[in-house]
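Q: Here's my sequence, what's the structure:
(2 chains)
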2 protein chains.
Amino acid sequence: MTKSRVSAHDEHIRVAVSTVIFSLRATPDAGSARVWLPLVRRTRDPFEGQWALPGGWLDIDEGLEQAASRTLAETTSLAPTYLEQLYAFGDVGRSPSRVVSVVYWALQREDASLSSIADENVAWFDTGDLPPLAFDHAHIIEYALWRLRNKVGYSRIAHGLLPEEFTLAQLREVYEAILGRRLDAANFRRQVENSGTLRPTDRYRTGSHRPARLYRYNRDVELADRGPLPDQEQS
Amino acid sequence: MTKSRVSAHDEHIRVAVSTVIFSLRATPDAGSARVWLPLVRRTRDPFEGQWALPGGWLDIDEGLEQAASRTLAETTSLAPTYLEQLYAFGDVGRSPSRVVSVVYWALQREDASLSSIADENVAWFDTGDLPPLAFDHAHIIEYALWRLRNKVGYSRIAHGLLPEEFTLAQLREVYEAILGRRLDAANFRRQVENSGTLRPTDRYRTGSHRPARLYRYNRDVELADRGPLPDQEQS
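A: Numbers count the residues shown, from 1 in each chain, chains lettered A, B, ... in the order given. Just a heads-up that it's a prediction; the model follows:
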């Protein structure tokens, strides 16, 4: 904005927003949970009939995060409590017209809302088994998955996929789904207990297995991945 | 981009890029180094005469990172080897016209290039003593500093501010400048040596103090904060 040269073409660059929402789904066959996300089938060119991330154009009178929330609700009826900006994608050839897409991402707990979508052009997919995707959305999802795997190691992002109280086995399943590999239960327990990020409750989950203690996240431990920004944006 | 509604106004949203470049400067008075960055004085409205981040408009035929490099070179003659996307800022009221700014950041080693800028409208400032800034650039710099402080804890980002070979005291000075506080030398040495991120050389820095061993970063240790993205963007 400090440059004096204004491109004659810059009015043809448009700004879109898209959102990657991850959720876990149990896959009884595999005996483990996997990471899923919702896609929307395009009903017009370009890429008509192909699946794409939920999103839309940025309106002149709305902020980026607001646009992400709005377009997500319009296309999928989903309303996650927390959207985080992932990245702005702006390669010249990523769309037939020139589009800069600011992509947000979110985590969604597995609950009834996931199956309540009645639109045949909206569906959930296993991130390990995606259909052909419009634009550079396969690349965007690959990057979002990388960020998710990376982030789970140094923040309590797994919380976004768990109920308020959970067992260590449930927490381990989240990590296993995100990282795509099994973790040693004893090592995992030790690492988590030493991290100070969890607080044991005096409640237990009972069922077919022996009772397992329920934990909750320790809110006194500062998140490594939140900055001054989210608060400011909300104000 | 999957939305069918196209705002009648979206052609009035423009895309700009800006870059935050941090460097360290020794401040003999304080006996320590501090984080500095270059700013450009605006020569037109809005905010004429005020200081702003180097940047400019995105051209129709260039990628975001390419635009960041170009506008940075044009305004400051700086050419850092590595730019990383920081965040896309798109609040409605951040500029008199509607502008989404994709902001990049970089680290610059302290060398001759820092003082070679002959333009009176370009100057380096101590991040702890900034002038009034145009737009939301004070907020952007605050966020970039937060990211820098946060990132130095889990990646070898300090490398971007050091020569290829450096002493542990030099490395500690980088951390101290970024974190804004003194670190215990013995603790710091222990943590760094245990991290596996450094390789000792058999060379020493000699001078007025007793000889200090030179280290280099261990390239076998994967960066925590690089993904598949930067490579793809360069291809």
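Q: So which elements touch the longest strand belonging to chain A?
A: In chain A, taking DSSP state E as the definition, the longest strand is strand A:14-27. Packed against strand A:14-27 by the contact rule (3 or more C-beta pairs under 8 Å, 6 or more residues apart in numbering or on different chains; DSSP states H and E) you find strand A:32-41, strand A:55-57, helix A:64-76, strand A:99-107, strand A:122-126, helix A:137-152, helix A:168-179. In this view, the C-beta of every residue, glycine as well, is placed from N, C-alpha and C.
Q: Of the ones you listed, which is nearest chain B?
A: Smallest distance to chain B across the helices and strands packed on strand A:14-27 (C-beta to the nearest C-beta): 2.7 Å, for strand A:55-57.
Q: What pairs with that closest one, parallel or antiparallel?
A: Sheet partners assigned to strand A:55-57 using DSSP bridges are listed as strand A:14-27 (antiparallel).
Q: quick one: the strand it pairs with to helix A:137-152, angle?
A: Strand A:14-27 and helix A:137-152 are oriented at 60 degrees to each other (axes from the mean of the first three to the mean of the last three C-alpha atoms, to 10 degrees).
Q: what pLDDT, on average, does strand A:14-27 get?
A: Averaging pLDDT along strand A:14-27 gives 91.
Q: Pull out the buried residues from it.
A: A:14, A:15, A:16, A:17, A:18, A:19, A:20, A:21, A:22, A:23, A:24 (16 or more other C-beta atoms under 10 Å in any protein chain shown).
Q: Domain parsing of chain A, as residue ranges.
A: For chain A, automatic domain parsing gives the domain ranges A:10-152, A:157-217.
Q: Highest average neighbour count across those: which stretch is it?
A: domain A:10-152 (a mean of 18; mean count of other C-beta atoms under 10 Å in any protein chain shown).
Q: check which helix or strand covers the nearest residue to residue A:136 once chain neighbours are set aside.
A: Leaving out its chain neighbours, the residue that sits closest to residue A:136 by C-beta to C-beta, 6 or more residues apart in numbering or on different chains is residue A:94, at 4.5 Å. Assigned by DSSP states H and E, residue A:94 belongs to no helix or strand.
Q: before we move on, what about residue A:85?
A: Secondary structure assignment for residue A:85, by DSSP H and E: strand A:84-89.
Q: Now find how far off-centre that strand is within its chain.
A: From the chain centre to the centre of strand A:84-89 is a distance of 11 Å (C-alpha atoms, centre = their mean, to the nearest Å).
Q: cool, stretch A:179-194 as well?
A: Its chain's average C-alpha position is 22 Å from that of stretch A:179-194, according to C-alpha atoms, centre = their mean.
Q: What of stretch A:69-88?
A: On C-alpha atoms, centre = their mean, the centre of stretch A:69-88 falls 9 Å from the chain's centre.
Q: Contacts (any at all) between chain B and that stretch?
A: Yes: Stretch A:69-88 lies within reach of chain B by C-beta under 8 Å from any C-beta of the partner chain, at A:71, A:74, A:75, A:85, A:87, A:88.
Q: Tell me the span between the first and last residue of that stretch.
A: End-to-end distance of stretch A:69-88: 16 Å, with C-alpha to C-alpha, to the nearest Å as the criterion.
Q: repeat for stretch A:34-49
A: OK, stretch A:34-49 end separation, C-alpha to C-alpha: 26 Å.
Q: quick one: average confidence on that stretch?
A: 94.
Q: ditto for stretch A:170-181
A: Stretch A:170-181 shows a mean pLDDT of 89.
Q: Then stretch A:196-213?
A: For stretch A:196-213, the mean pLDDT works out to 87.
Q: so can I have a markdown table of the helices and strands packed on strand A:14-27 showing distance to residue A:203?
A: Putting those into a markdown table (distance: least, C-beta to C-beta, whole Å) gives the following:
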| stretch | distance to residue A:203 |
| --- | --- |
| strand A:32-41 | 23 |
| strand A:55-57 | 40 |
| helix A:64-76 | 34 |
| strand A:99-107 | 24 |
| strand A:122-126 | 31 |
| helix A:137-152 | 25 |
| helix A:168-179 | 13 |
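Q: List the residues that contact the residue nearest to residue A:136.
A: Residue A:94 makes contact with A:101, A:135, A:136, according to C-beta atoms under 8 Å, 6 or more residues apart in numbering or on different chains.
Q: For it, give its distance to residue A:103.
A: 12 Å (C-beta to C-beta, to the nearest Å).
Q: Same check on residue A:23?
A: From residue A:23 to residue A:103 the distance is 17 Å (C-beta to C-beta).
Q: same question, residue A:180
A: Residue A:180 sits 22 Å away from residue A:103, going by C-beta to C-beta.
Q: surely residue A:72 meets residue A:103?
A: No: judged on C-beta atoms under 8 Å, residue A:72 makes no contact with residue A:103 at a distance of 11.5 Å.
Q: Now do the shared contacts for the two.
A: A:19, A:55.
Q: ok, the closest residue to residue A:88 other than its chain neighbours - contacts?
A: Nearest non-adjacent residue to residue A:88, counting by C-beta to C-beta, 6+ apart: residue B:88, 4.2 Å away. Contacts for residue B:88 (C-beta under 8 Å, 6+ apart) come out as A:64, A:85, A:88, A:102, B:100, B:101, B:102, B:103.
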